[in-house]
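Engineer: coords below, sequence missing:
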């Protein structure tokens, strides 16, 4: 199986504060990887480091076989990403923003822009100004931007933030559909355990800047990989709150 | 790199602020032009300004450039800071581009803005000059004994404007640097205007050291039209170009090291 994302011994410090403390993880082609962790565990910092938005002191990040420090452009070319709540030029409409983002890639046609809007269910609101969008709609548009160039790896930071239950369900279905039909790989950070549990085949639990447990299942959901038939929630709380030792 | 430049320019040309500032600069030109006419037609004012349609563009260039710097600072103060704080910078940086490409794109915005506003002043100068004053036979550089025949005068005027672009860019890179370091558009505008005023004040005391201050070269058009009598062409060009080079390198270096956390 081809490794599309590899993070090795990543260290990020802000003065004396260690945010990432030797983070290691590996995402393989076709995975839907759930990146779980309590607030302040380092999830967003890790995603920012993976995407080259912040610098790190030690370690390396390999995206699609390219080290981001040595060849960022090739590393990021087949990656689509959404970090936290995506921001746009909100005086313009969603379609305008999407067209602007499309300019960074070769060969993105109007048809593809339409498709991306269709996938995230934003076609009818595409010509409305972004400032009139709800947070959930901005999330959808952010996902459309991430999918625009048919990336092989999609990194989404809290993608269902601000979505209503119906929206969460739709996004989950979109991710699963793209994973199955187009063999797209997803790396998704979330704090909603039930969400991760239901559609990820791999879960990495991060605490204090490093992965404390990684669960891998041959099939979705990942719950198949949790020992003693416990829920992911129970297991996560034990791991992150220093409960009893788990296997 | 061209994708980033295109992206930045589309953003610039889609911005209302860009056109509002253009209108304000135009209004300033109109105000100054009618002001000269009023002075020249009011009885009892002994200090009249010799003016014709060919000379107004040069007069406007030399008398509006400082105010234009303030307007440009207002436009460019948020160029990096607003993108950074608004979270749109990260959207751009996770695309297959180099960070240096983005800074070059921003410098292009500075350049195009400077050219655009100077072009407004020049065109307004010719249109207002021909409308309010007579076209005249020659270009007269106000306050000097210098004059040029019509065609040569137009060419020299265009070149004077073109040369002025250089120090304008040099100063606006200082504003861009504030925008990057302070990551706050309002503060960057304030700091840029503050530096401009500070430079104007210390120019009065600097004596011969004046020629190392970037604002000294805002009058490069006048130096050129007077045949570089007071200061050589080489110095007039190399000092603002040195500012551009050094500031661009600092900008690139700082931006490459910057963590994008918004």
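Structural biologist: Ah, there it is. The structure presented is a predicted model; accordingly, all values stated were derived computationally and were not measured. Numbering: from 1, shown residues only, chains lettered A, B, ... in the order given.
Engineer: ok, whatever residue of the stretch 51-200 of chain B ends up closest to chain A - how many residues close by?
Structural biologist: Residue of the stretch 51-200 of chain B nearest chain A, by CB to the nearest CB: residue B:87 (3.3 Å). Glycine gets a C-beta too; all of them are placed from N, C-alpha and C. Residues lying near residue B:87 (other CB atoms under 10 Å in any protein chain shown) number 16.
Engineer: quick check: phi and psi at it.
Structural biologist: With angles defined as degrees, to the nearest 10, residue B:87 sits at phi 80, psi 0.
Engineer: and for residue A:90?
Structural biologist: Dihedral angles (degrees, to the nearest 10) for residue A:90: phi -80, psi -10.
Engineer: that one and residue A:131, how far apart?
Structural biologist: Separation of residue A:90 from residue A:131 (CB to CB, to the nearest Å): 4 Å.
Engineer: ok, now residue A:207?
Structural biologist: Remark: distance between residue A:207 and residue A:131 (CB to CB) = 38 Å.
Engineer: and those two? Which one has more around it.
Structural biologist: Taking residue A:207 and residue A:131 together and counting by other CB under 10 Å, residue A:207 has the greater number of neighbours (20 against 12).
Engineer: the more buried one against residue A:39, yeah?
Structural biologist: No. Counting by CB atoms under 8 Å, residue A:39 is not a contact partner of residue A:207; they are 11.0 Å apart.
Engineer: which non-adjacent residue is nearest the spatially most central residue of chain B?
Structural biologist: Nearest to the mean C-alpha position of chain B, counting by CA atoms, centre = their mean, stands residue B:168 at 3.7 Å. Nearest non-adjacent residue to residue B:168, counting by CB to CB, 6 or more residues apart in numbering or on different chains: residue B:114, 4.3 Å away.
Engineer: now do that neighbour: how many residues are near it, please.
Structural biologist: Residue B:114 has 23 neighbours, counted by other CB under 10 Å.
Engineer: name the helix or strand for it, please.
Structural biologist: helix B:99-132 (DSSP states H and E).
Engineer: how about the strands of the stretch 101-250 of chain B, start to end?
Structural biologist: Along the stretch 101-250 of chain B, the stretches classed as strands by DSSP state E, counting those that start in this stretch are B:138-140, B:147-149.
Engineer: tell me which of the ones you listed is the most buried.
Structural biologist: Here the criterion is mean neighbour count by mean count of other CB atoms under 10 Å in any protein chain shown, and of the strands of the stretch 101-250 of chain B the winner is strand B:138-140, at a mean of 20.
Engineer: tell me which strands that strand pairs with, and in which orientation.
Structural biologist: strand B:147-149 (antiparallel) (DSSP bridges).
Engineer: does the residue of chain A found nearest chain B count as helix, strand or coil?
Structural biologist: Taking CB to the nearest CB, chain B has its nearest neighbour within chain A at residue A:87, 3.3 Å off. With DSSP: H, G, I helix; E, B strand; the rest coil as the basis, residue A:87 sits in coil.
Engineer: hmm, it is touching residue B:85, no?
Structural biologist: No. When contacts are counted by CB under 8 Å, residue A:87 is not listed as touching residue B:85 (9.4 Å).
Engineer: quick one: which of those two has more around it?
Structural biologist: Using other CB under 10 Å, the more surrounded residue of residue A:87 and residue B:85 is residue A:87, with 20 against 15.
Engineer: nearest spatial neighbour of that one, chain-adjacent residues omitted?
Structural biologist: Among residues not flanking residue A:87 along the chain, residue B:87 sits closest, at 3.3 Å (CB to CB, 6+ apart).
Engineer: for that neighbour, what are its contacts?
Structural biologist: Residues counted as contacts of residue B:87 (CB atoms under 8 Å, 6 or more residues apart in numbering or on different chains) are A:84, A:85, A:86, A:87, B:262.
Engineer: then residue B:4?
Structural biologist: Residue B:4 makes contact with A:104, B:92, B:97, B:101, B:102, B:104, B:105 under the criterion CB under 8 Å, 6+ apart.
Engineer: what is the neighbour count of residue A:172?
Structural biologist: For residue A:172, the neighbour count with other CB under 10 Å is 18.
Engineer: for it, helix, strand, or coil?
Structural biologist: Once three-state DSSP is applied, residue A:172 turns out helix.
Engineer: can you pull the pLDDT of it?
Structural biologist: What the model reports for residue A:172 is a pLDDT of 85.
Engineer: list the contacts for it?
Structural biologist: The neighbours of residue A:172, taking CB under 8 Å, 6+ apart as the test, are A:160, A:195, A:198, A:199.
Engineer: likewise for residue B:170?
Structural biologist: B:214, B:217, B:240, B:241, B:243, B:244, B:247.
Engineer: out of the contacts of residue B:87, who's nearest residue A:111?
Structural biologist: For those, the minimum distance to residue A:111 (CB to CB) is 22.7 Å, reached by residue A:86.
Engineer: quick one: which helix or strand includes the residue nearest to the closest one when sequence neighbours are not counted?
Structural biologist: Distance criterion CB to CB, 6+ apart; nearest residue to residue A:86, sequence neighbours excluded, is residue A:142 at 3.0 Å. For residue A:142, the host element (DSSP H and E) is helix A:135-147.
Engineer: which other helices and strands does the helix or strand harbouring residue A:27 contact?
Structural biologist: Taking DSSP H and E as the definition, residue A:27 sits inside strand A:17-28. The helices and strands touching strand A:17-28, judged by 3 or more CB pairs under 8 Å, 6 or more residues apart in numbering or on different chains; DSSP states H and E, are strand A:3-14, strand A:32-36, helix A:43-50, strand A:58-63, strand A:185-190, strand A:202-207, strand A:210-216.
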